[in-house]
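Asker: I'd like to go over a predicted model; first the sequence, then the structure.
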Amino acid sequence: MSDPRTPAVELRTLHVSWADAPGIWGFLTTVDHKRIAARYILTVVLLLFLAGMLALDMRLQLAMPDMERMTPQLYNESFSLHGSTMLFLVSVPVMEAMAIWLVPLMLGQRALAFPRLAAFSYWLYLGGVLMLWVPHAFGITPDLGWFEYPPLSGPAYSPGHRADIWAQMITFTEVAALAASVNIAATVLKMRPPGMTLARIPLFVWAMFLASLMTIFALPAVMMVTSMLIADRLVSTQFFAAAAGGDPVLFQHLFWWFGHPEVYIIFLPAAGFVSVIVETFSRRTLFGHAAVVLSMLAIAALAFGLWVHHMFAVGLPRLGNDFYTAASMAVALPAGVQIFCWIATLATGRPRFDTPLLWVLAFIVTFVIGGLSGVMTASAPLDQQVTDTYFVVAHFHYVLVGGAMFPLFGAFAYWYPKATGRMMSETWGKMSFWLIVGGFNLGFFPMHILGLQGMPRRIYTYSEGMGWGPLNMVASIGSAIAVAGGVLFVANAAWSYFRGRTAGPNPWGGSTLEWAAPSPPPQHNFDAMPVVDSLTPLWTQKQELAVMTGLAVDRREVLVTSVVEATPEYRQKSPPPSIAPLLAAIAVTILFVGSIFTPWALVWGAVPVAIGLTLWFWPQRERSTTGPLRVRNR
């Protein structure tokens with residue numbers, strides 16, 4: 001919030017205190033949550049392009065029967081790289097990137113709880129990206145899918161380091177995700193503005209808080225199971241070797257303990273996007289705010305009780321299958337509650353059908369289709385028939401693309417003016433919307449029919465006599481149209497950055513605190529910390545927001561508040577820019593990469609990690625002038 005009541009001398013001091021160093025040193029040492037989030041998002045855009053090109057290449061291979069463009073090995077590498085990139089390097093990281101950018105602004109804060117941890121999370125995430133894609137450039141690409149089940153991924157069937165590269169990439173990205181999640185959860189719990197009680201938390205902040213808790217509980221399982229796989233391959237442990245007393249099904253249990261909650265770790269932030277956009281463009285408060293929050297809580301809890309529905313075909317007890325069938329169907333109920341609340345908000349408001357709201361409408365339709373096919377595959381008898389067919393490919397993409405990427409496109413268009421100070425072109429935005437949504441449905445809906453006709457997953461070609469050619473051609477054309485729409489969307493963002501219409505602080509008329517800051521926000525976000533007294537402070541407080549004064553201006557300082565009532569408790573020093581997160585990430589990268597070649601890397605690699613952490617936590621003395629905390633009324 002740009003506060004005209006703050007003296008000019010204090011404002012100049014505040015800008016200096018929160019500024020980054022110029023040039024490359026500032027780039028390497030910044031702990032500004034907005035710059036870190038922008039790096040995440042730009043990296044994700046590049047990966048989306050690469051993964052999209054892989055998908056388009058595979059669809060060209062399958063467009064007609066008996067195609068010979070790709071060898072079986074190249075096809076295996078392509079779908080493994082595509083799936084691993086989308087699931088581990090795009091879907092979860094981009095949601096966390098949006099939270100890193102938005103949560104402090106929505107809470108009226110100047111920084112995250114742990115700014116250096118945010119920088120560390122990005123550098124380690126970048127290490128995971130390089131871990132997967134640099135070997136690909138040298139022809140050492142994982143080729144066993146995005147799940148790498150043993151015994152196929154064990155040492156007997158997968159010599160070399162392809163499986164090790166995939167497994168260690170998981171470790172990189174999940175440690176980065178855990179770092180970001182702890183940061184977001186701590187920020188939401190202890191850094192809300194005065195007056196923002198638990199009942200007044202914006203729905204996107206609720207969604208990211210719950211998704212962060214789910215990440216903290218779910219991701220250690222997949223990190224552990226991939227470490228066990230590396231140990232089997234490197235030092236001849238026998239965790240998954242059935243002949244030596246191990247159990248390959250244990251891999252699937254641990255993997256899907258993470259894998260199914262991950263779907264909702266992606267969906268909950270998307271639901272937060274949808275709630276905010278529906279409220280703004282309906283021009284009324286969200287119908288059933290409490291019901292939506294409770295539905296999110298129910299989804300977060302139920303998500304951990306149905307992982308076995310991915311394993312109906314492995315021969316588990318039939319009574320257990322019945323339980324997981326019921327749990328899988330039950331999770332559709334809270335999701336349905338949210339959808340009805342969004343529809344009720346639109347029906348009782350005065351909706352304005354700009355591009356962000358169009359993405360929300362596409363999400364509702366597409367996600368319902370994916371949810372219905374999900375209820376179908378939750379039935380063990382049906383799942384056993386279709387689990388290895390293109391029906392599941394269609395369901396999976398309807399849930400993840402329709403349920404996560406469509407709201408993400410809408411959120412990008414919605415908050416783009418806040419991040420850049422420019423408006424995206426509505427004409428180009430609607431053109432890219434129809435290309436992506438139309439191309440997606442043209443590409444993936446026929447796969448339901450192909451799956452019911454018996455087309456298996458993960459095949460690189462098929463004979464003409466199977467009769468799958470026409471629908472595969474339609475699917476390939478649709479995929480190409482969707483990719484073209486994606487390119488147009490990115491072109492719109494790039495063009496608008498330089499030539500777009502200037503946006504004011506609140507071009508959409510939003511109700512949450514981020515719209516009280518300038519567009520784009522300065523490095524310290526707000527000149528003074530706002531105080532709120534409702535769910536929609538910018539709608540209910542028509543004049544200047546009340547603000548909290550007394551935070552230091554000559555050093556980085558944030559306000560810590562109580563968990564339930566957000567009562568001010570104390571001021572906390574916020575760390576300045578530092579090279580330590582980058583050095584620590586490099587040290588951890590050396591340890592992780594070395595550990596797929598020799599177990600001694602864990603010993604020798606601990607030395608640079610210890611040095612990096614020592615530099616990170618080395619105490620620094622600072623003096624600061626602060627006044628008493630006071631609320632200054634509007």
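Answerer: Alright, I've got the coordinates.
Asker: pLDDT weak spots in the stretch 151-300 of the chain?
Answerer: Judged against pLDDT under 70, the stretch 151-300 of the chain has no low-scoring part.
Asker: Helices of that one, start to end?
Answerer: 162-190, 203-234, 248-282, 289-302 (DSSP state H, counting those that start in this stretch).
Asker: Mind checking the ones you listed for the one nearest to T561?
Answerer: Closest to T561 of the helices of the stretch 151-300 of the chain is helix 162-190 (CB to CB; 6.5 Å). For glycine as for every other residue, the C-beta is placed from the backbone atoms N, C-alpha and C.
Asker: picking that back up, can I get the helices of the stretch 151-300 of the chain in CSV with mean neighbour count and distance to G485?
Answerer: Shown next, in CSV, are the helices of the stretch 151-300 of the chain (neighbours: other CB atoms under 10 Å; distance: least, CB to CB, whole Å):
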stretch, mean neighbour count, distance to G485
helix 162-190, 24, 27
helix 203-234, 22, 25
helix 248-282, 24, 19
helix 289-302, 19, 29
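Asker: and A313, what pLDDT?
Answerer: pLDDT recorded at A313 is 88.
Asker: check contacts around it.
Answerer: D383, Q384, T387, D388 (CB atoms under 8 Å, 6 or more residues apart in numbering).
Asker: Would you write a PyMOL line that selects the buried entries of those residues?
Answerer: Buried residues within the contacts of A313, by 16 or more other CB atoms under 10 Å, are selected in PyMOL with:
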select buried, resi 383+387
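Asker: and which of the contacts of A313 is nearest R630?
Answerer: Out of the contacts of A313, the member with the shortest distance to R630 (by CB to CB) is D383, at 61.0 Å.
Asker: Could you verify my assumption that that closest one touches M311?
Answerer: No - contact criterion CB atoms under 8 Å: D383 and M311 do not qualify, at 9.6 Å.
Asker: how about the helices in the stretch 501-634 of the chain?
Answerer: Using DSSP H, counting those that start in this stretch, helices in the stretch 501-634 of the chain cover 537-540, 580-594, 601-604, 606-617.
Asker: I'd assumed G128 was in contact with F88.
Answerer: Yes - assessed by CB under 8 Å, F88 is found in contact with G128 at 7.5 Å.
Asker: Common neighbours of those two, please.
Answerer: Counting by CB under 8 Å, 6+ apart, the residues touching both F88 and G128 are M169, I170, T173.
Asker: how far away is I201 from P407?
Answerer: 19 Å (CB to CB, to the nearest Å).
Asker: can you count the residues close to the nearest residue to D20 once chain neighbours are set aside?
Answerer: Nearest non-adjacent residue to D20, counting by CB to CB, 6 or more residues apart in numbering: G26, 3.9 Å away. G26 has 14 neighbours, counted by other CB atoms under 10 Å.
Asker: got it, and the one 3 residues further on?
Answerer: Taking other CB under 10 Å as the neighbour definition, T29 ends up with a count of 18.
Asker: for it, what are its contacts?
Answerer: T29 touches D20, A21, P577, S578, I579, L582, counting by CB under 8 Å, 6+ apart.
Asker: any idea which of those residues is closest to F498?
Answerer: Using CB to CB, D20 comes nearest to F498 of these, at 22.6 Å.
Asker: ok, and what's touching stretch 365-378?
Answerer: By CB under 8 Å, 6+ apart, stretch 365-378 touches 306, 309, 324-325, 328-329, 332, 335-336, 339, 382-383, 386-387, 391-392, 394-395, 397-399, 401-403, 406, 437, 440-441, 445, 448.
Asker: next one: stretch 552-567
Answerer: Here stretch 552-567 has contacts from 10, 13-14, 17-18, 109-111, 189-198, 529, 548, 551, 568-576, 622, 624-626, 629, using CB under 8 Å, 6+ apart.
Asker: Return the subset of the residues you listed lying in strands.
Answerer: M529, M548, P568, E569, Y570, R571, Q572, K573 (DSSP state E).
Asker: Just the buried ones among those, please.
Answerer: Buried among the ones in strands among the contacts of stretch 552-567 (16+ other CB under 10 Å): M529, M548, P568, R571.
Asker: Rank the residues you listed by pLDDT and give me only the lowest.
Answerer: Among these, M548 has the lowest pLDDT, at 85.
Asker: where's that residue relative to Q523, distance?
Answerer: 19 Å.
Asker: same thing with D354?
Answerer: 29 Å.
Asker: So P446 lies in a helix, does it not?
Answerer: Yes - note on P446: a helix contains this position according to DSSP: H, G, I helix; E, B strand; the rest coil.
Asker: what about the nearest residue to A298 once chain neighbours are set aside, which helix or strand?
Answerer: Among residues not flanking A298 along the chain, P334 sits closest, at 4.0 Å (CB to CB, 6+ apart). Using DSSP states H and E, P334 falls within helix 332-348.
Asker: quick check: mean pLDDT across the helix or strand following that helix?
Answerer: The helix or strand immediately downstream of helix 332-348 is helix 355-377, counting by DSSP H and E. The average pLDDT within helix 355-377 is 94.
Asker: Give the buried residues for helix 355-377.
Answerer: 355-364, 366-371, 373-374, 377.
Asker: CA atoms only for that helix - export them in CSV, please.
Answerer: C-alpha atoms of helix 355-377 as CSV (Å, rounded to 0.1, in the frame of the first residue of the first chain):
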residue,chain,number,x,y,z
THR,A,355,-10.7,-13.6,-19.8
PRO,A,356,-9.9,-14.8,-16.3
LEU,A,357,-13.5,-15.7,-15.7
LEU,A,358,-13.7,-17.6,-19.0
TRP,A,359,-10.8,-19.8,-17.7
VAL,A,360,-12.8,-20.5,-14.6
LEU,A,361,-15.9,-21.6,-16.5
ALA,A,362,-13.7,-23.9,-18.7
PHE,A,363,-12.2,-25.3,-15.5
ILE,A,364,-15.6,-26.1,-14.0
VAL,A,365,-16.8,-28.0,-17.1
THR,A,366,-13.5,-29.8,-17.7
PHE,A,367,-12.9,-30.7,-14.1
VAL,A,368,-16.5,-32.1,-13.8
ILE,A,369,-15.8,-34.4,-16.8
GLY,A,370,-12.5,-35.5,-15.2
GLY,A,371,-14.2,-36.0,-11.8
LEU,A,372,-16.9,-38.2,-13.4
SER,A,373,-14.4,-40.4,-15.1
GLY,A,374,-12.5,-40.5,-11.7
VAL,A,375,-15.5,-41.8,-10.0
MET,A,376,-15.8,-44.5,-12.7
THR,A,377,-12.1,-45.6,-12.2
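Asker: Pull the residues that contact the helix or strand just after it.
Answerer: Scanning forward in sequence from helix 355-377 by DSSP H and E, the next helix or strand is helix 380-386. Applying CB under 8 Å, 6+ apart, the external contacts of helix 380-386 come out as 309, 312-313, 318, 321-322, 324-325, 376-377, 392, 451-452.
Asker: Flag every buried residue along helix 380-386.
Answerer: For helix 380-386, by 16+ other CB under 10 Å, it's A380, D383, V386.
Asker: Same list (the residues you listed) but as CSV, adding distance to W600 and pLDDT.
Answerer: Putting the buried residues of helix 380-386 into CSV (distance: CB to CB, whole Å; pLDDT from 0 to 100) gives the following:
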residue, distance to W600, pLDDT
A380, 46, 89
D383, 45, 91
V386, 47, 93
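Asker: Kindly indicate which of the residues you listed lies nearest A119.
Answerer: When these are compared for distance to A119 (CB to CB), D383 wins out at 43.0 Å.
Asker: What distance do you get for that closest one to E544?
Answerer: 57 Å.
Asker: again, but for E96
Answerer: Distance from E96 to E544, by CB to CB: 33 Å.
Asker: Pick the one among the ones in strands among the contacts of stretch 552-567 closest to P220.
Answerer: Of all these, Q572 has the smallest distance to P220: 27.9 Å, by CB to CB.
Asker: Is that closest one bridged to anything, and to what?
Answerer: V558 (DSSP bridges).
Asker: Next one: it, what pLDDT does it get?
Answerer: With respect to pLDDT, Q572 has a value of 90.
Asker: contacting residues around it?
Answerer: Neighbours of Q572 in contact, by CB under 8 Å, 6+ apart: E557, V558, L559, V560.
Asker: All set now, cheers.
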